[in-house]
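Student: Give me a model of this one.
(one chain, ligands or ions: 1)
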Amino acid sequence: MNILEARNINKYFKKPVKFQVLHDISLSVKAGEFVSIMGKSGCGKSTLLYVLSTMDTDYDGELFLKEELITGGSPNELAFIRNKRIGFVFQFHYLLAEFSVLDNVMLPALKLGEKTTKEIEQNAIEKLRVLGIEKLAPKKAAMISGGEKQRVAIARALINDPSIIMGDEPTGNLDSQNSENVFNIFRNLSDEHGLSLLIVTHDPDFANRTDRIIQMEDGRIIG
Ligand SMILES: Nc1ncnc2c1ncn2[C@@H]1O[C@H](COP(=O)(O)OP(=O)(O)OP(=O)(O)O)[C@@H](O)[C@H]1O
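Tutor: As a prediction, this is how the structure comes out:
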């Protein structure tokens with residue numbers, strides 16, 4: 001089954017001058033598939049990811065999540081999809097520095113409000129355990145290392161059991177050992193947990209070990 005499908009996505013920026021940033025992009029990510037997106041700086045990777053993650057709705061074309069059309073959804077529907085069905089990992093972790101690791105991971109589930117605080121806490125501890133960092137749970141986010149912060153950000157992205165994880169250069173700010181850790185976590189989530197992942201990366205060593213590379217050039221998919 002396709003977890004994510006994009007059909008004929010075109011996007012224009014209108015300022016300072018009108019130009020087409022995405023040209024007729026069609027792609028799909030299947031259940032459990034670990035896919036990377038590569039391409040030169042400025043080719044449109046981040047723009048594409050913002051469209052695919054529903055953060056940007058100003059595009060032509062159609063997006064499907066689990067084979068359901070989500071293009072044209074109301075702001076509330078799209079906010080729900082982003083919180084529950086899509087996990088996002090950025091280059092920078094965006095953790096709340098003064099909150100504990102556990103609280104940071106719990107937040108998206110508290111916002112969703114579908115489970116009790118106790119259930120959410122147990123679930124958050126389980127996600128931290130899967131990522132090998134349950135001991136960090138009580139620590140303040142400000143007090144842990146960069147590599148640990150990124151793992152906490154991944155645990156936070158997993159808390160609502162999303163259908164897909166999207167990442168924009170999630171290893172871009174990490175040293176090689178921490179990049180390797182993050183890669184292995186993603187690989188394991190795909191192989192052992194059947195999660196789909198779509199990750200923008202500049203790192204060929206990372207991309208070459210994903211299931212498939214989508215190559216972009218000048219706003220187009222070229223391979
Ligand atoms: N809000 C915007 N308004 C106008 N042009 C934009 C805007 N955001 C990005 N662009 C332009 O769109 C093109 C694609 O940008 P995008 O950030 O998607 O590329 P990228 O492949 O992710 O680059 P990088 O690898 O450097 O992050 C670039 O030419 C960029 O300058």
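Student: Contact partners for Ile125?
Tutor: Taking CB atoms under 8 Å, 6 or more residues apart in numbering as the criterion, Ile125 is in contact with Leu102, Glu134, Ala137. C-betas here are computed from N, CA, C, even on glycine.
Student: Make sure I have this right: it is in a helix.
Tutor: Yes - counting by DSSP: H, G, I helix; E, B strand; the rest coil, Ile125 falls inside a helix.
Student: In this protein, where's the longest helix?
Tutor: Ranked by residue count, the top helix of the chain under DSSP state H comes out as helix 176-193.
Student: now for that helix, which elements pack on it?
Tutor: strand 34-39, helix 146-158, strand 164-168, strand 196-200 (3 or more CB pairs under 8 Å, 6 or more residues apart in numbering; DSSP states H and E).
Student: can you pull the buried residues of stretch 171-181?
Tutor: Across stretch 171-181, burial judged by 16 or more other CB atoms under 10 Å covers Thr171, Asn173, Leu174, Asn178, Ser179, Asn181.
Student: Give me the residues contacting it.
Tutor: Gln91, Phe92, Gly146, Gly147, Gln150, Arg151, Val182, Phe183, Thr201, His202, Asp203, Phe206.
Student: The fourth one and Ser176, how far apart?
Tutor: Looking back up the chat, that one is Gly147. According to CB to CB, to the nearest Å, Gly147 and Ser176 sit 11 Å apart.
Student: repeat for the first one
Tutor: Note on Gln91: its distance to Ser176, by CB to CB, is 16 Å.
Student: Check what pLDDT the residue most central in space within the chain gets.
Tutor: Nearest to the geometric centre of the chain sits Met166, at 2.1 Å (CA atoms, centre = their mean). Here the pLDDT value assigned to Met166 is 97.
Student: who does it bridge with?
Tutor: Phe88, Leu198 (DSSP bridges).
Student: my guess is it contacts Arg85, does it?
Tutor: No - between Met166 and Arg85 there is no contact under CB atoms under 8 Å: 10.9 Å.
Student: would you list every one of the strands in this protein?
Tutor: Taking DSSP state E as the criterion, the chain carries its strands at 2-13, 19-30, 34-39, 60-65, 68-69, 86-89, 164-168, 196-200, 212-217, 220-221.
Student: give the contact list for Ala207.
Tutor: Ser36, Met38, Thr201, Ile213 are the contacts of Ala207 under CB under 8 Å, 6+ apart.
Student: quick one: is stretch 52-62 near the ligand?
Tutor: No - if you take CB under 6 Å from any ligand atom as the test, stretch 52-62 misses the ligand, and the best it gets is 9.3 Å.
Student: gap between the two ends of that stretch?
Tutor: End-to-end span of stretch 52-62 (CA to CA, to the nearest Å): 10 Å.
Student: can you tell me the average pLDDT over that stretch?
Tutor: Computed over stretch 52-62, the average pLDDT equals 96.
Student: And for stretch 143-156?
Tutor: Mean predicted lDDT for stretch 143-156 stands at 94.
Student: and the protein, which residues reach the ligand?
Tutor: Phe13, Val21, Gly39, Ser41, Gly42, Cys43, Gly44, Lys45, Ser46, Thr47.
Student: Just the buried subset of these, please.
Tutor: For these, a burial check counting by 16+ other CB under 10 Å picks out Val21, Gly39, Cys43, Gly44, Lys45, Ser46, Thr47.
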